[in-house]
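>>> one predicted model, sequence on top.
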Amino acid sequence: MRIKRLKKYKKFVNFYKVVYKFKPPFKILLDGNFFHQAVQNEFNLRENFYKILADTPLTLILMTKCVLREFETLGPSVVGNTLKEAKKIVKESCKHPGGILPPDECIKIFIDKKNEAKHFVCTNDEELRNELRNLGTVPIFFFKHNILVMDSPTEITEEKHRMKEQLKNEPTRQEKVFLKEQQEEIKEFQKQEREREAAKRRLQVKDLYCMGIKTKLALGPNPLSVKRKLGGGSDGSVLKKRRKRSGKRSKSLSEGKRQKLDGDQPSQQQDQVTKIAASI
């Protein structure tokens, strides 16, 4: 394995150590197609995993019983030496109830959403790899042109890490209660300080007024600028309700004016006629 690639994979492993608390001895879960390709190409899994994980030789290479049953179903004529080598691998009990499931379904159930057992997964099944990537908590190995490749942490993995860090920085419930109480105490203290300062200013103004010194400082709030209380004046007295003028009176007044104008028009016309007759 090339040095650059090895350094990159060690960084990936260190990321999972720091963020998701992976600890040695590491547990590596094998898929059937991955293991079959490793046996065919005589690829030494334990040696290469030891280089990448920088672990002790006690790295656990595991396989579920469903994967072994798949090899047994295919038989030695198809898988050849793979079945013989698979029987040497440590078997993990399946977590699903009932009988045998396809290996990919078995591995998904075994890993679960949180990967609490901290397993690495080795599979060449692209569909299974995509589903495990979406979980964001599973480091993945696969073969590409007979080269062992470790999948880089996905954006989902990094986003989960950022969310964890944010939750760490957020205050706890007790801290939130304490902060709320502190804010209320500060507001109350500020209110008392304002009232104390206002009372002090009023006393100073009164003293100056008694000494005959004019000052622009106000003795109190401007009564015109104070908002009136509902149902009373600024001094607490009850305000008198203003009566609304009814429409009948205005209507009768307008009608009276109209009648007066109509009555004045004939008298004016008669005066004009007498003036014309006198001139003739």
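Noted; the coordinates are in hand.

>>> all strands of the protein, in order?
Remark: strands assigned in the chain by DSSP state E are 27-30, 60-64, 90-92, 119-122, 140-144, 147-150.

>>> how's this structure carved up into domains?
With domains defined by automatic domain parsing, the chain comprises 3-169, 173-220.

>>> among those domains, which is nearest Lys227?
Nearest of the domains of the chain to Lys227, taken as C-beta to C-beta: domain 173-220 at 14.9 Å. C-betas here are computed from N, CA, C, even on glycine.

>>> distance from the chain centre to that closest one, please.
Relative to its parent chain, domain 173-220 has a centroid offset of 40 Å by C-alpha atoms, centre = their mean, to the nearest Å.

>>> ok, stretch 130-150 next?
Offset of stretch 130-150 from its chain centre (C-alpha atoms, centre = their mean): 29 Å.

>>> now the helices for this protein?
All helices of the chain, identified by DSSP state H, fall at 3-20, 32-40, 45-53, 65-74, 76-79, 82-86, 103-111, 126-135, 155-169, 173-210, 247-279.

>>> buried stuff in the shortest one?
Read it as helix 76-79. Buried residues in helix 76-79, counting neighbours by 16 or more other C-beta atoms under 10 Å, are found at Val79.

>>> avg pLDDT for it?
Regarding helix 76-79, the rounded mean pLDDT is 80.

>>> okay, that helix in PDB with CA atoms only?
The C-alpha trace of helix 76-79 is given here as PDB (Å, rounded to 0.1, in the frame of the first residue of the first chain):
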ATOM      1  CA  PRO A  76     -17.400 -25.500  -2.900                       C
ATOM      2  CA  SER A  77     -17.800 -25.900  -6.600                       C
ATOM      3  CA  VAL A  78     -18.800 -22.200  -6.900                       C
ATOM      4  CA  VAL A  79     -16.900 -20.400  -4.100                       C
END
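
>>> neighbouring contacts of that helix?
36, 71, 83-84 (C-beta atoms under 8 Å, 6 or more residues apart in numbering).

>>> try 7 Å this time
Outside of helix 76-79, the residues within contact range by C-beta atoms under 7 Å, 6 or more residues apart in numbering are 36, 71, 83.

>>> dump the residues you listed to a markdown table, plus pLDDT, neighbour count and distance to Pro223.
Output for the contacts of helix 76-79, formatted as a markdown table (pLDDT from 0 to 100; neighbours: other C-beta atoms under 10 Å; distance: C-beta to C-beta, whole Å):
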| residue | pLDDT | neighbour count | distance to Pro223 |
| --- | --- | --- | --- |
| His36 | 92 | 23 | 94 |
| Phe71 | 90 | 22 | 96 |
| Leu83 | 89 | 18 | 100 |
